[in-house]
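**Student:** please work out how this folds:
(chains A, B, C, D, E and F)
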Number of protein chains: 6
Amino acid sequence: MPIVHITRRERFSAAHKLSRPDWSPEKNMATFGKCANPNWHGHNYELWVTVKGEPSAETGFVVDLSELGRIINERVIRHVDHKNIDLDVPFMKGRYSSTENLAVAFWEQLEEPVEALGCRLHCIKLKETENNHVEYHGG
Amino acid sequence: MPIVHITRRERFSAAHKLSRPDWSPEKNMATFGKCANPNWHGHNYELWVTVKGEPSAETGFVVDLSELGRIINERVIRHVDHKNIDLDVPFMKGRYSSTENLAVAFWEQLEEPVEALGCRLHCIKLKETENNHVEYHGG
Amino acid sequence: MPIVHITRRERFSAAHKLSRPDWSPEKNMATFGKCANPNWHGHNYELWVTVKGEPSAETGFVVDLSELGRIINERVIRHVDHKNIDLDVPFMKGRYSSTENLAVAFWEQLEEPVEALGCRLHCIKLKETENNHVEYHGG
Amino acid sequence: MPIVHITRRERFSAAHKLSRPDWSPEKNMATFGKCANPNWHGHNYELWVTVKGEPSAETGFVVDLSELGRIINERVIRHVDHKNIDLDVPFMKGRYSSTENLAVAFWEQLEEPVEALGCRLHCIKLKETENNHVEYHGG
Amino acid sequence: MPIVHITRRERFSAAHKLSRPDWSPEKNMATFGKCANPNWHGHNYELWVTVKGEPSAETGFVVDLSELGRIINERVIRHVDHKNIDLDVPFMKGRYSSTENLAVAFWEQLEEPVEALGCRLHCIKLKETENNHVEYHGG
Amino acid sequence: MPIVHITRRERFSAAHKLSRPDWSPEKNMATFGKCANPNWHGHNYELWVTVKGEPSAETGFVVDLSELGRIINERVIRHVDHKNIDLDVPFMKGRYSSTENLAVAFWEQLEEPVEALGCRLHCIKLKETENNHVEYHGG
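**Tutor:** Numbers count the residues shown, from 1 in each chain, chains lettered A, B, ... in the order given. Here you go, the predicted structure:
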């Protein structure tokens, strides 16, 4: 039976900064550059969630995309959209808000509910600016 | 010897709907939502065909892209562009026109003629809207 | 006082064809080419609605974009999204569904309700494919 | 002599919020929605600066784009990139950070130095998200 | 009667450089920077040709886009695509290949044949890179 | 420990042609088509460099993107941007400038310095036009 990957894109706009409270402002600036600005900055993030499975003989779908979208919004987007990632997001508590760490955290938020839809989570792709993005495949 | 993947993009505009003739209109609407509209809707599809092989020592090419384009047009695009996928496309007879099923059908249309060019088909990527796309790797 | 233009983008996917019932199939094909396919084709349309006015001293807004979005959806998108423009859309009855005619019809649908928001409609831009779009400024 | 418009794009990432200190949190939320989140949010802004003039007979240029870029960075980008628009930007003091107000402020920052380059400022276009942007022509 | 603008996009890839034969290499480099590299560089140019007119009562078209495309290819694209703008293009003889000058030259190439189609040329927009483009309206 | 892929995009504009000096002009034209134009043509290339590794517990980074950018510029971009790939680029001497060969050469330029940053090179993706790109994974 064919295995097909299907991807849904979502977007969110959020504030964050990169800085460690246990480091001096100078060390934060040397390490994180302008991302360490104490008053925050922000991005329009683009998120691609890819799941895989066999298309259903009944519908032709690997997954109902509106169901997948509902889960992504429930588990990720409503927590981060128009929020401050470092102050407002429960599942980012204690983690630096690098794009890498965000992708891993989103995977953790989505792995189980995606399996409950009868398919498997394959990739979290997260784009921070037009010049950089990360991908995480769960291991 | 290096193995390189090369991708050609093609586009087509087509009508379709998602609905099963053996289901009631109510069940179709409940399952497929607005995609079940009886009078059809349509999309600008984007198709990326990725093949892989060793670059030729003679030309530096994995494949002559104009040859690859000719095959994609002959085997796929001319059948679907400005067509109704559910009514006009021989190789979609008896299949629901989900993006997943389209990608699998395009793979079947392209696998052999791509091999005849001396390379191997690697991926069919098909984008239905800016928020969803599928990928199929042939198994 | 400064006059600022603000634009909101919406999207819809629809089926249509270009053909006149009073013309022969041959004449339709000669005039409209593959757009005359009797079984329809379709597009992902992108719509940009531009309004103009003075930013409010109270909010900095020319218009509340969520209000503008609500009107665009109420007056245009819900009538055309996942529909057949030639069969399902009341305000296109008796008009050929060229991109030009669609833009003029959308203007007519939006001019009054935009004025009711306290600003003026400036431009309807409608993109049918990545290679063609139209703009209408109302006269 | 021909008048040509030439446009340079720049980008910046910034945090902001929309809320009035003299309003209650409830009124701010009712007016500005999720943009009123007290802990800020942010965007990747895209800025297009259009100037106009006659191409020089000596160089074919309306303006030296690297000179124009230098001015845009000096007068706008370095003040807003990886900053908090509401806290860090001198020329936004006392203004709500709506996209409309930002475009007007950028015009004020750029009008004189652009004229000093021998051409005229024509348009500030500022895109906040893929679904909304503003344009300001200076009056 | 409504006046509608309609735009067709075409693309071409070409080599060029910016340098004056009557200037020293040093002066060319000081004026044109890396664009003065003696061995050429190149771009994927995007060209948008906008025409305006009343939609025909018979077809809904301001212009037959395939006719417009044919003219753009005949008068512009075939002369510049996969060519060296400074060596291969008759209508650029004696002009520096700045984007500004190209846009003016394309206008001259297209103005008459567009009028012969029964509409008027409105704008030539030419994008050299994702960060710069020019527009010319013919005067 | 999680392995995350992170990608940085860079861009360059260059001239090249596809033709073998040991072939007749006729054979070059038959094989390479318009890409064989003797006076060159050019492209805006987009380059995505993907590296992989574990995010640092100290910073959340797989790699410092500004370090990665510095290496890409030092090893690749400064050699090809606003250059003639066939005449100006030392590491392309003796190779035809197909997109496939460019990707392999860029891999060779980047593999060692990327490892010196403490991560591994995963993919070179190079886009020549909006309709074709290649990917190379190093073997």
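
**Student:** give me the neighbour count for the residue nearest to residue A:88 when sequence neighbours are not counted.
**Tutor:** Nearest non-adjacent residue to residue A:88, counting by Cβ to Cβ, 6 or more residues apart in numbering or on different chains: residue D:39, 5.4 Å away. Every residue, glycine included, has its C-beta placed from N, CA and C. For residue D:39, the count of nearby residues is 16 (other Cβ atoms under 10 Å in any protein chain shown).

**Student:** now the longest helix along chain A: buried residues?
**Tutor:** Longest helix in chain A, counting residues (DSSP state H): helix A:99-116. Buried residues in helix A:99-116, counted by 16 or more other Cβ atoms under 10 Å in any protein chain shown: A:99-107, A:109-110, A:113-114.

**Student:** restrict that helix to CA atoms and write it as CSV.
**Tutor:** Only the C-alpha atoms of helix A:99-116 are listed here, as CSV (Å, rounded to 0.1, in the frame of the first residue of the first chain):
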residue,chain,number,x,y,z
THR,A,99,13.9,28.0,16.3
GLU,A,100,15.4,24.6,16.9
ASN,A,101,13.9,24.3,20.4
LEU,A,102,10.5,25.5,19.1
ALA,A,103,10.4,22.8,16.5
VAL,A,104,11.2,20.1,19.1
ALA,A,105,8.6,21.5,21.4
PHE,A,106,6.0,21.5,18.6
TRP,A,107,6.8,17.9,17.8
GLU,A,108,6.1,17.0,21.4
GLN,A,109,2.8,18.8,21.4
LEU,A,110,1.6,17.1,18.2
GLU,A,111,3.0,13.6,18.2
GLU,A,112,0.3,11.9,20.2
PRO,A,113,-2.8,13.7,18.9
VAL,A,114,-1.6,13.1,15.3
GLU,A,115,-1.3,9.4,16.1
ALA,A,116,-4.8,9.5,17.5
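
**Student:** any idea of the mean pLDDT in that helix?
**Tutor:** Summarised as a single mean, pLDDT over helix A:99-116 is 98.

**Student:** before we move on, the earlier item: what's near enough to touch the residue nearest to residue A:88?
**Tutor:** Counting by Cβ atoms under 8 Å, 6 or more residues apart in numbering or on different chains, residue D:39 makes contact with A:15, A:83, A:84, A:87, A:88.

**Student:** which residues does the first one bridge with?
**Tutor:** Beta-bridge pairing for residue A:15 (DSSP bridges): residue A:42, residue A:84.

**Student:** correct me, but it touches residue A:44?
**Tutor:** No - Residue A:15 is beyond contact range of residue A:44, at 11.5 Å (criterion: Cβ atoms under 8 Å).

**Student:** which residues touch the residue of chain A found nearest chain D?
**Tutor:** In chain A, the residue that lies nearest chain D is residue A:42 (0.8 Å; Cβ to the nearest Cβ). By Cβ under 8 Å, 6+ apart, residue A:42 lies in contact with A:13, A:14, A:15, A:16, D:13, D:14, D:15, D:16, D:40, D:41, D:42, D:43.

**Student:** so the second one is in contact with residue A:45, correct?
**Tutor:** So that's residue A:14. Yes - with contact defined as Cβ under 8 Å, residue A:14 counts as touching residue A:45 (6.5 Å).

**Student:** of the two, who's got more company?
**Tutor:** residue A:14 (28 against 24).

**Student:** distance of residue A:109 relative to residue A:72?
**Tutor:** When distance is defined by Cβ to Cβ, to the nearest Å, residue A:109 is 9 Å away from residue A:72.

**Student:** quick one: which helix or strand includes residue A:124?
**Tutor:** Using DSSP states H and E, residue A:124 maps to strand A:120-129.

**Student:** from the middle of its chain, how far away would that strand be?
**Tutor:** On the basis of Cα atoms, centre = their mean, to the nearest Å, strand A:120-129 sits 6 Å off its chain's mean C-alpha point.

**Student:** by contact count, what packs against that strand?
**Tutor:** Judged by 3 or more Cβ pairs under 8 Å, 6 or more residues apart in numbering or on different chains; DSSP states H and E, the packing partners of strand A:120-129 are strand A:4-16, strand A:41-53, helix A:99-116, strand A:132-136.

**Student:** make CSV out of the buried residues of helix A:99-116 and add distance to residue B:9.
**Tutor:** CSV is the format used below for the buried residues of helix A:99-116 (distance: Cβ to Cβ, whole Å):
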residue, distance to residue B:9
A:99, 27
A:100, 29
A:101, 33
A:102, 29
A:103, 26
A:104, 31
A:105, 33
A:106, 28
A:107, 29
A:109, 33
A:110, 29
A:113, 33
A:114, 29
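
**Student:** which of these are close to chain F?
**Tutor:** A:99, A:100, A:101, A:103, A:104 (Cβ under 8 Å from any Cβ of the partner chain).

**Student:** if we can go back for a sec, contacts for the longest helix of chain A, please.
**Tutor:** Outside helix A:99-116, the residues touching it (Cβ under 8 Å, 6+ apart) are A:45, A:47, A:49, A:51, A:63, A:68, A:71-72, A:74-76, A:85, A:91-92, A:95, A:120-121, A:124-126, A:128, A:132-136, A:138, F:2, F:4, F:6, F:55, F:60-62.

**Student:** buried subset of those as a PyMOL selection?
**Tutor:** Burial among the contacts of helix A:99-116 is assessed by 16+ other Cβ under 10 Å; the matching PyMOL selection reads:
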select buried, (chain A and resi 45+47+49+51+63+68+71+72+75+76+85+92+95+120+121+124+125+126+128+132+133+134+135+136) or (chain F and resi 2+4+6+55+60+61+62)
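
**Student:** how far away is whatever residue of chain A ends up closest to chain F from residue A:20?
**Tutor:** Relative to chain F, the nearest point of chain A is residue A:98 (3.2 Å; Cβ to the nearest Cβ). When Cβ to Cβ is the yardstick, residue A:98 and residue A:20 sit 12 Å from each other.

**Student:** more neighbours: those two, which one.
**Tutor:** residue A:98 (24 against 15).

**Student:** settle this for me: the more buried one is touching residue F:60, isn't it.
**Tutor:** Yes - using Cβ under 8 Å, residue A:98 is in contact with residue F:60, at 3.2 Å.

**Student:** what residues are shared contacts of these two?
**Tutor:** residue A:18.

**Student:** contacts only, for residue A:51.
**Tutor:** Residue A:51 is in contact with A:5, A:6, A:7, A:62, A:63, A:68, A:114, A:117, A:119, A:120, A:121, A:122, counting by Cβ under 8 Å, 6+ apart.

**Student:** is it in a bridge, and if so with what?
**Tutor:** residue A:6, residue A:121.

**Student:** tell me the pLDDT at it?
**Tutor:** pLDDT, residue A:51: 98.

**Student:** and the gap between it and residue D:18?
**Tutor:** For residue A:51 relative to residue D:18 (Cβ to Cβ), the value is 35 Å.

**Student:** same thing with residue A:137?
**Tutor:** Distance from residue A:137 to residue D:18, by Cβ to Cβ: 38 Å.

**Student:** neighbour count for these two, which is higher?
**Tutor:** Neighbours were counted for residue A:137 and for residue D:18 using other Cβ under 10 Å; residue D:18 has more, 21 against 17.
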